[in-house]
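> Structure for this input, please:
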Amino acid sequence: MTDAPDAEQDGAADAEQDGAADAEQDGAADADPAPRAPLPPASDAVRGEWGRRIEAEYRSAAITQHLTLWLIQMGASPDLIDDGLRIVKDELAHARLSHRVHVLAGGGALAPLRRETLGLKGKEGEPLELAVARAGVEIFCLGETVAVPLFKVLREGCIVPAARRALDRILRDEVRHRDFGWTLLRYLLELPCAPAVRLLVERELPSMFARMRKSYMPAGGARRAAISDDDRAWGLMPVARYGEILERAVERDYVPRFAEHGVDARAAWRRSAA
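Okay, here's the model as predicted:
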């Protein structure tokens with residue numbers, strides 16, 4: 001069975017929700033509805049985390065839109081372009097779901113996004129294909145690949161319905177976003193510019209990993225290994241777990257996937273520690 005078009009999926013989801021609401025109303029007319037369990041209290045950490053997720057999803061949508069424009073400009077495969085546009089819609093849907101959780105948790109208005117972070121910049125005089133490779137590897141091959149196990153762990157302890165629905169949708173989509181990145185890299189390595197692309201990846205992978213270390217493994221993060229049950233119920237996890245998931249992804253995902261293209265990710269990871 002093939003996936004339904006996005007509009008049909010969104011429509012089906014809305015119809016399903018509407019139908020569920022109607023069924024609840026009908027049941028309420030016939031009998032006393034079962035009381036809903038109260039939501040766990042939402043902390044400032046919960047509101048802050050879901051607020052950051054809204055911002056991250058909007059930023060991802062903007063950056064992916066820019067990357068897809070580059071793919072159009074370089075005359076890339078129509079399949080890659082279609083996949084990129086679909087990812088933009090996914091990220092906006094993730095932002096909308098995250099906003100619902102943020103509001104439910106008592107979150108208020110968010111600060112405007114810094115517009116200079118909502119796009120991509122190539123290096124002056126650099127072929128567009130290399131700019132695409134740099135963005136595709138760091139954002140998708142690295143970022144979206146580790147996002148799959150990350151969101152899987154986040155949803156395991158999540159019991160707040162709105163938060164669980166958001167994490168379920170995000171996890172489902174991240175698998176496709178991860179695959180887009182590796183398909184894009186494979187496509188670039190089949191073009192005449194392949195030697196330059198491979199050289200770029202080998203040269204810049206350590207610095208990409210270093211940025212991931214800074215984000216996922218902040219100083220002192222390994223000691224922050226516990227959070228409250230209430231925060232976990234809202235879809236949070238300890239800071240230490242982020243670093244653990246990243247280190248596991250290096251051996252399980254990055255090393256074998258980059259090895260398929262002749263790139264030594266293990267050596268790049270070691271160099272990134274410096």
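> Wait, Ala259 touches Asp253, no?
No - applying CB atoms under 8 Å as the test, Ala259 and Asp253 come out as separate, 11.0 Å apart. Glycine gets a C-beta too; all of them are placed from N, C-alpha and C.
> the more surrounded of the two?
A direct count of neighbours by other CB atoms under 10 Å for Ala259 and Asp253 places Asp253 higher, at 19 against 12.
> tell me the contacts of the more buried one?
Taking CB atoms under 8 Å, 6 or more residues apart in numbering, we find Asp253 in contact with Thr145, Val146.
> Which secondary structure state is assigned to it?
At Asp253, secondary structure determined by DSSP: H, G, I helix; E, B strand; the rest coil is helix.
> quick one, longest helix in the chain?
helix 44-73 (DSSP state H).
> How about it, which residues are buried there?
For helix 44-73, a neighbour-count test (16 or more other CB atoms under 10 Å) marks 46-47, 49-51, 53-55, 57-68, 70-71 as buried.
> Likewise for stretch 90-100?
Asp90, Glu91, Leu92, Ala93, His94, Ala95, Leu97, Ser98, His99.
> Redo these as JSON lines? Include distance to Leu199 and pLDDT.
Shown next, in JSON lines, are the buried residues of stretch 90-100 (distance: CB to CB, whole Å; pLDDT from 0 to 100):
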{"residue": "Asp90", "distance to Leu199": "32", "pLDDT": "98"}
{"residue": "Glu91", "distance to Leu199": "30", "pLDDT": "98"}
{"residue": "Leu92", "distance to Leu199": "35", "pLDDT": "97"}
{"residue": "Ala93", "distance to Leu199": "37", "pLDDT": "98"}
{"residue": "His94", "distance to Leu199": "34", "pLDDT": "98"}
{"residue": "Ala95", "distance to Leu199": "36", "pLDDT": "97"}
{"residue": "Leu97", "distance to Leu199": "40", "pLDDT": "98"}
{"residue": "Ser98", "distance to Leu199": "38", "pLDDT": "98"}
{"residue": "His99", "distance to Leu199": "42", "pLDDT": "97"}
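> would JSON lines of those residues with distance to Arg169 and secondary structure be doable?
Output for the buried residues of stretch 90-100, formatted as JSON lines (distance: CB to CB, whole Å; DSSP: H, G, I helix; E, B strand; the rest coil):
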{"residue": "Asp90", "distance to Arg169": "8", "secondary structure": "helix"}
{"residue": "Glu91", "distance to Arg169": "11", "secondary structure": "helix"}
{"residue": "Leu92", "distance to Arg169": "12", "secondary structure": "helix"}
{"residue": "Ala93", "distance to Arg169": "7", "secondary structure": "helix"}
{"residue": "His94", "distance to Arg169": "7", "secondary structure": "helix"}
{"residue": "Ala95", "distance to Arg169": "11", "secondary structure": "helix"}
{"residue": "Leu97", "distance to Arg169": "6", "secondary structure": "helix"}
{"residue": "Ser98", "distance to Arg169": "10", "secondary structure": "helix"}
{"residue": "His99", "distance to Arg169": "13", "secondary structure": "helix"}
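> quick one: which of the residues you listed is nearest to Phe180?
Of all the buried residues of stretch 90-100, Phe180 sits closest to Asp90, with 10.3 Å by CB to CB.
> Without its sequence neighbours, what residue ends up closest to that closest one?
Nearest non-adjacent residue to Asp90, counting by CB to CB, 6 or more residues apart in numbering: Asp173, 4.4 Å away.
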